[in-house]
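>>> I need the structure of the sequence given here:
(one chain, ligands or ions: 2)
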Amino acid sequence: MSKLRVAVLGARGRIGSEAVKAVEGAGDLELVAALGRGDKLETLVDAGAQVVVELTTPASVMGNLDFCVRHGIHAVVGTTGWSDDRLAQLGTSLDASPGTGVLIAPNFSIGAVLTMKFAQAAARWFESAEVVELHHPNKADAPSGTATRTAQLIAAARAEAGLGAQPDATVTALDGARGADVDGVPVHAVRLRGLLAHQEVLLGSEGETLTIRHDSLHHSSFMPGILLGVRRIGSVPGLTMGLEHFLDLDRPASH
Ligand SMILES: NC(=O)C1=CN([C@@H]2O[C@H](COP(=O)(O)OP(=O)(O)OC[C@H]3O[C@@H](n4cnc5c(N)ncnc54)[C@H](OP(=O)(O)O)[C@@H]3O)[C@@H](O)[C@H]2O)C=CC1
Ligand SMILES: O=C(O)C1=N[C@H](C(=O)O)C[C@H](O)C1
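Ligands and ions are numbered 1, 2, ... in the order given. Predicted structure coming up:
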């Protein structure tokens, strides 16, 4: 069987360089291009790339995806910075290229995907919910894409359960002291040398708290998710938001 032809954008970056190695190490995949800033996107077409792994920056991702979708190249995207406007713009490009698939994964690690799922399930049972994300100090964006998505899922679950605003008697505060407000859920961002990517979801009600914590200790934690996305996205046209859609998480464990 012929190998799937894969390219990496952002190939010299922290996660992109690991993705290059992961694709090279997969027997069913062939790395046909590894591009960095300034390299020509036409190379993707010349190399016959079928799937692109997009790991660049919020400033670059839209242009890169526009090119890929127009050329019918599927994309697996880890880059952050997604707003409703950007998603709508991508949706319009995909409408014009109906066979093309794009996966946007706020986080490729299984533990982070489960953290989001557990937080979403728990949210309706607690009066209070806050998210704390902790990352390496070279990270350009805050809060993280994962924390933003987690807060959005918590907020949607609270709204569906009819929960109102969270209890908070704060009257005076220094700027930023209560974090960023994501749909009514406070999100706090820590940047600390020595860390990679970590998140805590804090939930509380009268007399009890629940903390869900996840730690990515190495970029290798993201690689199985990237490879899964690469193998699956060609058969899922349109926009898929979140790796959970490829993970079959609701299937009961076999005994
Ligand atoms: N979803 C997930 O699981 C994960 C997502 N991420 C996200 O991935 C993104 C990259 O993170 P990270 O690797 O740490 O960042 P880095 O800054 O280390 O890497 C980004 C790379 O992209 C390059 N780049 C910028 N613009 C372009 C372009 N137009 N075409 C090709 N390459 C380009 C940069 O080049 P230059 O240095 O010259 O600017 C740099 O080498 C971030 O948004 C991060 O949040 C990270 C880890 C996991
Ligand atoms: O920049 C990073 O490092 C990471 N970015 C993603 C995010 O913003 O959620 C995923 C993970 O947290 C690592």
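>>> Find me whatever residue is spatially closest to residue 127, sequence neighbours aside.
The shortest distance from residue 127 to any non-neighbouring residue, by CB to CB, 6 or more residues apart in numbering, is to residue 205 (4.9 Å). Every residue, glycine included, has its C-beta placed from N, CA and C.
>>> wait, what's in contact with that neighbour?
Counting by CB atoms under 8 Å, 6 or more residues apart in numbering, residue 205 makes contact with 125, 126, 127, 128.
>>> Report the separation between the residue most central in space within the chain and residue 70.
Centrality entry for the chain: nearest residue to the mean C-alpha point is residue 106, 0.9 Å, by CA atoms, centre = their mean. Taking CB to CB, to the nearest Å as the measure, residue 106 falls 24 Å from residue 70.
>>> same check, this time on residue 184
From residue 184 to residue 70 the distance is 38 Å (CB to CB).
>>> between those two, which one's more packed in?
residue 184 (15 against 12; other CB atoms under 10 Å).
>>> Give me the spatial nearest neighbour of that one, chain neighbours excluded.
Distances taken as CB to CB, 6+ apart place residue 155 nearest to residue 184, at 5.5 Å, with adjacent residues excluded.
>>> Just say helix, strand or coil for the one you found.
helix (DSSP: H, G, I helix; E, B strand; the rest coil).
>>> Who are the contact partners of it?
182, 183, 184, 185.
>>> Residue 145 is in contact with the first one, correct?
No - judged on CB atoms under 8 Å, residue 182 makes no contact with residue 145 at a distance of 11.3 Å.
>>> what's the distance between the residue nearest to the centre of the chain and ligand 1?
Distance from residue 106 to ligand 1, counting by CB to the nearest ligand atom, to the nearest Å: 6 Å.
>>> Run a quick check on that residue versus residue 149, I expect a contact.
Yes - at 4.2 Å, residue 106 and residue 149 qualify as touching, with contact defined as CB under 8 Å.
>>> so what sits against both of the two?
Shared contacts of residue 106 and residue 149, counting by CB under 8 Å, 6+ apart, come down to 116, 242.
>>> Residues of the stretch 101-250 of the chain that sit close to ligand 1?
For the stretch 101-250 of the chain, the contact set with ligand 1 under CB under 6 Å from any ligand atom comprises 105, 106, 107, 108, 145, 222.
>>> Recalculate using a threshold of 8 Å.
Taking CB under 8 Å from any ligand atom as the criterion, the stretch 101-250 of the chain approaches ligand 1 at residues 105-109, 112, 136, 138-141, 144-146, 197, 216, 219, 222, 225-226.
>>> now these: which count as buried?
105-109, 112, 139, 144-146, 197, 216, 219, 222, 225-226 (16 or more other CB atoms under 10 Å).
>>> Is whatever helix or strand residue 120 lives in positioned near ligand 2?
Using DSSP states H and E, residue 120 falls within helix 110-122. Yes - shown here: helix 110-122 in contact with ligand 2 (CB under 8 Å from any ligand atom) through residue 112.
>>> for stretch 21-39, same thing?
No - Stretch 21-39 is not in contact with ligand 2 by CB under 8 Å from any ligand atom; minimum separation 15.5 Å.
>>> Average pLDDT for that stretch, rounded please.
For stretch 21-39, mean pLDDT rounds to 98.
>>> Show me how far it is from its chain's centre.
20 Å (CA atoms, centre = their mean, to the nearest Å).
>>> buried ones in it?
22, 23, 26, 29, 30, 31, 32, 33, 34, 35.
>>> JSON lines for those residues, including secondary structure and distance to ligand 1?
Below are those laid out as JSON lines (DSSP: H, G, I helix; E, B strand; the rest coil; distance: CB to the nearest ligand atom, whole Å):
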{"residue": "22", "secondary structure": "helix", "distance to ligand 1": "12"}
{"residue": "23", "secondary structure": "helix", "distance to ligand 1": "15"}
{"residue": "26", "secondary structure": "coil", "distance to ligand 1": "17"}
{"residue": "29", "secondary structure": "strand", "distance to ligand 1": "18"}
{"residue": "30", "secondary structure": "strand", "distance to ligand 1": "20"}
{"residue": "31", "secondary structure": "strand", "distance to ligand 1": "15"}
{"residue": "32", "secondary structure": "strand", "distance to ligand 1": "15"}
{"residue": "33", "secondary structure": "strand", "distance to ligand 1": "11"}
{"residue": "34", "secondary structure": "strand", "distance to ligand 1": "10"}
{"residue": "35", "secondary structure": "strand", "distance to ligand 1": "5"}
